[in-house]
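Peer 1: structure of the sequence below:
(2 chains)
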Amino acid sequence: MAQLQHKVIVGLEIHVQLCTKSKMFCGCAVEFGAEPNSRVCPVCLGMPGVLPVMNKQAYEYSVLTAMALDCRIPTFTKWDRKSYYYPDLPKNYQISQYDLPLGENGFIEIPLESGRTKRIGITRAHLEEDAGKNLHTAGNFSQVDLNRTGTPLLEIVTEPDMNSGAEVRALAVELQRMVRFLGVSEADMQKGHMRFEPNINLAILKDGVEYRTSIVEIKNLNSFRALERSVNHEEHRQLDEFLDTGKVMKMGSKTTRGWDDEREVTVLQREKEEAHDYRYFPEPDLMPVKLAPRWLDDIRSHMCELPLKRQMRYVEQYKLSDYDAGVLTAERSTADFFDEAVEAGGEPKRVCNILAQTGLRKANEKGCSIAQLGVQAIDVAKLAQEIETGRINASSAKTIFEEIVKLKANVFSRATVEDPLTVQRIAEQLNLIQKSDAGELEAIVDQIIAENPKAVEDVTSGGKKSKKAKGFLLGQVMQKTKGQANPKVVSEILAKKLG
Amino acid sequence: MAEKIDEAQVRKVAKLSRLELTDAEVGEFTGQLSAILGYVEKMNELDTENVEPLAHCLPISNVFRPDSVKESLGTEKALANAPQRDGDFFKVPKILDVGSGA
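Peer 2: Okay, the predicted model is just below:
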């Protein structure tokens, strides 16, 4: 088969569930896993005569996200009805925003594997309500649970600026990190808080002519893995199809496919011809929204330093590796804790090592954030300083960190909370302070030298055995001091004495 | 001249709205809808050159509620008027088209 030069072109629609306590247009709780149809009221059930009222928090979360995506934020937006005839939305329409979305013409930077970033255009961001859940049971019936009906969803639409499955995944991951930093969504994939619909086609160069394949939309993907794999699969499928049939894009040739997670293939979905006749019209039950400058400023005051920027700052300012910076900025609570510890005087690289190697592991074990372990940022700064001065070594720092976690987990030892001397006290209690006093160590070194004439001879005579013998003597000193001698100082004394 | 609606359009809109109309009804609604469009056409005679488009007929905006939870109906009340139920679920004819998910 001739290998044609081709490029995959992908745009993405993302639905992000906002983490409000109540629904978009009524006071029912947004709650995952509640008993079926227990979080519903006349508004979200679509009873006649009811009126929706906007959730202010949901609106502000959406505007904040649109700001983070560098969108233009129109000062006037309104609501529209989108006709929709499925039993999971019993009103027979979805309240959405059609021609006046709350954000448009933005962009997001995504990290590429090369270490560079790529700018992906954001076409629009608008707020809408979610539908309920259809459960397909055996027989000729479906079960419907309307608990999710009316949950606020922020729909984000990107420009077709991505050119690989990996880029699409990178955008999804970056967006997840962003909305979590902003605190507008838990973005928990397991709970369906983020759902993706990529639009994919190919530009193929054949005999100097560029051909475009028909656009395929893949519906309702809810994992990064399925997203990336479905895009990769579709790239190959469309190339094969083009080689087989030579079919190219024309008006109305867009199709919809589903992702079969087990067989890892996309499957054509049959749709009724008029399925996309949404017949939008202005929602008469809701008032428009006007964003006054003061309100906009107020929303903007909740903006934080965004994760990718922060990651890049850690690399530039603190000379951390891109990998380490990525680990620290995966969650906002970790990044905030890191900043706090650095501000309290911890050397960044050492603080990073303590957090990455001990803190995150411990937090993971306990299923909480680093900040919730009970260890204060000042403790970590102290640990970093003690390693820096050589009073303790890295493995003792780990022991002390874990000891603090243990103490804080014990409700009876609350007295230790916020104790600036915690690290020192525990280090002393557990005999973890390294002996660095040259005078004291010199006496011990002298004793070891006197006790091991053979090794001393090996060192002074040089040659192959010298290095090994040096190591032996250092080991003897460490043993004598129960591991508390500072190996660096001992080595210096040994070198001085034995030349 | 008003663009009058024909029977084919009425049948299409009825289908989209999941409405079953008799032939007599199609005839009746075609006439009525055409009359409505005729009335709208009359309004088009007005000069709206310098008039801002109106999003809502009331001069009000920003009607919000705080993000607080109110008590829901509960499953029993929610299902009380359901034509059919299956345990705690509404029971509906099987959904073949996978177009849901909003």
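Peer 1: and what about A:Glu197, helix, strand or coil?
Peer 2: Under DSSP: H, G, I helix; E, B strand; the rest coil, A:Glu197 falls in the strand class.
Peer 1: that one is in contact with A:Asn222, isn't it?
Peer 2: No. Counting by CB atoms under 8 Å, A:Glu197 stays clear of A:Asn222, with 10.5 Å between them. Every C-beta, even on glycine, is put in place using the N, C-alpha and C of the backbone.
Peer 1: so which residue is dead centre in chain A?
Peer 2: Taking CA atoms, centre = their mean, the centroid of chain A lies closest to A:Arg177, which sits 3.4 Å from it.
Peer 1: max-length helix in chain B?
Peer 2: If you go by DSSP state H, chain B has its longest helix at helix B:23-43.
Peer 1: so where's chain B uncertain?
Peer 2: In the predicted model of chain B, residues B:1-3, B:96-102 satisfy pLDDT under 70.
Peer 1: what's around whichever residue of it sits closest to chain A, how many residues?
Peer 2: Nearest to chain A, among the residues of chain B, is B:Lys70, at 3.0 Å (CB to the nearest CB). Per other CB atoms under 10 Å in any protein chain shown, the neighbour tally for B:Lys70 reads 12.
Peer 1: shouldn't it be within a helix?
Peer 2: No. B:Lys70 sits outside any helix when classified using three-state DSSP, being coil.
Peer 1: check contacts around it.
Peer 2: By CB atoms under 8 Å, 6 or more residues apart in numbering or on different chains, the contact set of B:Lys70 is A:22, A:26-28, A:41.
Peer 1: filter these down to the ones near chain B?
Peer 2: A:22, A:26-28, A:41 (CB under 8 Å from any CB of the partner chain).
Peer 1: most neighbours, which of those residues?
Peer 2: A:Cys28 (27 neighbours).
Peer 1: residues near A:Arg237, how many?
Peer 2: Neighbours of A:Arg237 using other CB under 10 Å come to 18.
Peer 1: and if you look at A:Cys19?
Peer 2: The burial count assigned to A:Cys19 is 20, neighbours taken as other CB under 10 Å.
Peer 1: correct me if wrong: it contacts A:Asp188.
Peer 2: No. Contact criterion CB under 8 Å: A:Cys19 and A:Asp188 do not qualify, at 9.5 Å.
Peer 1: not counting sequence-adjacent ones, nearest residue to A:Ser491?
Peer 2: Distances taken as CB to CB, 6 or more residues apart in numbering or on different chains place A:Leu474 nearest to A:Ser491, at 6.2 Å, with adjacent residues excluded.
Peer 1: centre of the chain to the host helix or strand of the one you found, how far?
Peer 2: Using DSSP states H and E, A:Leu474 sits in helix A:464-480. The chain centroid and the centroid of helix A:464-480 are separated by 47 Å, computed with CA atoms, centre = their mean, to the nearest Å.
Peer 1: so A:Leu45, which state does it fall into?
Peer 2: coil.
Peer 1: is the lengthiest strand in chain B anywhere near chain A?
Peer 2: Ranked by number of residues, the top strand in chain B under DSSP state E is strand B:89-93. Yes. Between strand B:89-93 and chain A, judged by CB under 8 Å from any CB, the touching residues are B:89-93.
Peer 1: tally of neighbours for residue 20?
Peer 2: No chain in the question, so chain A it is. Per other CB under 10 Å, the neighbour tally for A:Thr20 reads 23.
Peer 1: sorry, I should have been clearer: chain B.
Peer 2: For B:Glu20, the number of neighbouring residues by other CB under 10 Å comes to 7.
Peer 1: list the contacts for the closest residue in space to A:Glu340 that isn't next to it in sequence?
Peer 2: Using CB to CB, 6+ apart and skipping residues adjacent in sequence, the residue nearest A:Glu340 is A:Ala377, 3.6 Å away. The neighbours of A:Ala377, taking CB under 8 Å, 6+ apart as the test, are A:337, A:340-341, A:343-344.
Peer 1: so which of those residues is surrounded by the most neighbours?
Peer 2: Ranked by neighbour count (other CB under 10 Å), these have A:Ala341 at the top, with 29 neighbours.
Peer 1: that residue and chain B, how far apart?
Peer 2: A:Ala341 sits 33 Å away from chain B, going by CB to the nearest CB, to the nearest Å.
Peer 1: cool, and A:Gly367?
Peer 2: Counting by CB to the nearest CB, the gap from A:Gly367 to chain B is 26 Å.
Peer 1: give me the pLDDT value at that residue.
Peer 2: Per-residue pLDDT puts A:Gly367 at 89.
Peer 1: ditto for A:Ile370
Peer 2: Looking at A:Ile370, the pLDDT reads 92.
Peer 1: which residues touch it?
Peer 2: With contact set as CB under 8 Å, 6+ apart, A:Ile370 has these partners: A:333-334, A:337, A:355, A:359-360, A:363.
Peer 1: just these: which are in helices?
Peer 2: The helices, defined by DSSP H, take in A:333-334, A:337, A:360, A:363 from the contacts of A:Ile370.
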